[in-house]
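[1] prediction below, plus the sequence it came from.
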Amino acid sequence: MFGTARQRLLAAVVCGGGLALGWNAGGARAGDAGVEPVNAAALAATAPAADQAVPQILLAAGAPAPGGTGPATQPSTPPSRTAEQRRQDDINRAMEFFRITQPDVYEKALEMRKTDKANFDKLIMNAMPTVNHLEQVRKKNPKLFELSMKDLQIGYMSLQISHDLKRENLPDADRAKLIKQLSGLVHESFEVRQQIRQMEIDDLKIRLADLEMQVQEREKEREKRIGERVDDLIKNNGKLEW
């Protein structure tokens, strides 16, 4: 799909359809001797900061920014869109995702859109599970969305440095500098992922508490619910769920 190993490497972040990149947590931490923290936004000027990404990534589809209600003129029931319009919406959302998280892939996608339609469509299709997942996260939990976007950006920059470290005849001074930057990024990625996992744990606790309450309420109304279910099955076409 991509002509160079670098482009294939960068595309792997999104084409895998997941949010997280695998890595070894045994690396040096920021604050250790010779290791300095790296600000992900400052490392690559072409990648916007994560907090800038929040109101941008899904606006192509007309979604309101987190905490907002969208344009005042937006109808309560939007008109149905044609299949081609929905396809263009998907392309716009995927391209905005690339632009924010993977500038190199975005530039390549712009070129492919003109010269290689089949592979461009494949790239968009592979990206949509991640984009759709992020859209759902953004609607339910803007903070988790922001952290997920930041994680993707850090992962993209980590892959950039990893690729640069594999260059032949790389001067020792440049290698040491890149390794220091990579260690800082990995440390930052670890901290972001810990926050993501803690938020997921908190969400699961809330869901578990809701389920326990539902079970208790149903138990209190055991005979009533059973009777209503029997009547429903006798008189109506009862549904499987009840």
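    Good, I have the coordinates.

[2] any stretches of this protein with poor pLDDT?
    1-78 (pLDDT under 70).

[3] one more time with 50
    Along the chain, the parts satisfying pLDDT under 50 run over 1-72.

[4] biggest helix in it by residues?
    Secondary structure assigned by DSSP state H gives helix 172-220 as the longest helix of the chain.

[5] downstream neighbour of that helix in the secondary structure list?
    helix 222-235 (DSSP states H and E).

[6] okay, angle between that next one and helix 172-220 too, please.
    Angle, helix 222-235 to helix 172-220, by axes from the mean of the first three to the mean of the last three C-alpha atoms, to 10 degrees: 80 degrees.

[7] which other residues reach helix 222-235?
    Arg218, Gly238, Trp242 (C-beta atoms under 8 Å, 6 or more residues apart in numbering). From N, CA and C alone the C-beta is placed, and that goes for glycine too.

[8] ranking those residues by neighbours, who comes first?
    With neighbours defined as other C-beta atoms under 10 Å, the most crowded of those is Gly238; it has 13 neighbours.

[9] show me the contacts for it.
    Here Gly238 is in contact with Arg229, Asp232 (C-beta under 8 Å, 6+ apart).

[10] try 7 Å
    Asp232 (C-beta atoms under 7 Å, 6 or more residues apart in numbering).

[11] could you check how far it is from Leu159?
    54 Å (C-beta to C-beta, to the nearest Å).

[12] next, the closest residue in space to Arg175 that isn't next to it in sequence: phi, psi?
    Among residues not flanking Arg175 along the chain, Leu165 sits closest, at 6.5 Å (C-beta to C-beta, 6 or more residues apart in numbering). Per-residue torsions, Leu165: phi -70, psi -20 (degrees, to the nearest 10).

[13] what's around Leu165, how many residues?
    For Leu165, the tally of surrounding residues (other C-beta under 10 Å) stands at 14.

[14] just the CA trace of the helix or strand hosting Ile154, in PDB.
    According to DSSP H and E, Ile154 maps onto helix 142-165. Below are the C-alpha coordinates for helix 142-165, written out as PDB (Å, rounded to 0.1, in the frame of the first residue of the first chain):
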ATOM      1  CA  PRO A 142     -14.400  13.300  26.100                       C
ATOM      2  CA  LYS A 143     -11.500  13.000  28.600                       C
ATOM      3  CA  LEU A 144     -10.900   9.400  27.600                       C
ATOM      4  CA  PHE A 145     -11.100  10.500  24.000                       C
ATOM      5  CA  GLU A 146      -8.500  13.200  24.600                       C
ATOM      6  CA  LEU A 147      -6.100  10.700  26.300                       C
ATOM      7  CA  SER A 148      -6.600   8.100  23.500                       C
ATOM      8  CA  MET A 149      -5.700  10.700  20.900                       C
ATOM      9  CA  LYS A 150      -2.600  11.700  22.800                       C
ATOM     10  CA  ASP A 151      -1.600   8.100  23.000                       C
ATOM     11  CA  LEU A 152      -1.900   7.700  19.300                       C
ATOM     12  CA  GLN A 153       0.200  10.800  18.700                       C
ATOM     13  CA  ILE A 154       2.900   9.600  21.000                       C
ATOM     14  CA  GLY A 155       2.900   6.200  19.400                       C
ATOM     15  CA  TYR A 156       3.300   7.900  15.900                       C
ATOM     16  CA  MET A 157       6.300   9.900  17.100                       C
ATOM     17  CA  SER A 158       7.800   6.900  18.800                       C
ATOM     18  CA  LEU A 159       7.600   5.000  15.500                       C
ATOM     19  CA  GLN A 160       9.300   7.900  13.800                       C
ATOM     20  CA  ILE A 161      12.200   7.800  16.200                       C
ATOM     21  CA  SER A 162      12.400   4.000  16.000                       C
ATOM     22  CA  HIS A 163      12.700   4.300  12.200                       C
ATOM     23  CA  ASP A 164      15.400   6.900  12.500                       C
ATOM     24  CA  LEU A 165      17.400   4.800  14.900                       C
END
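
[15] sweet, I'm off.
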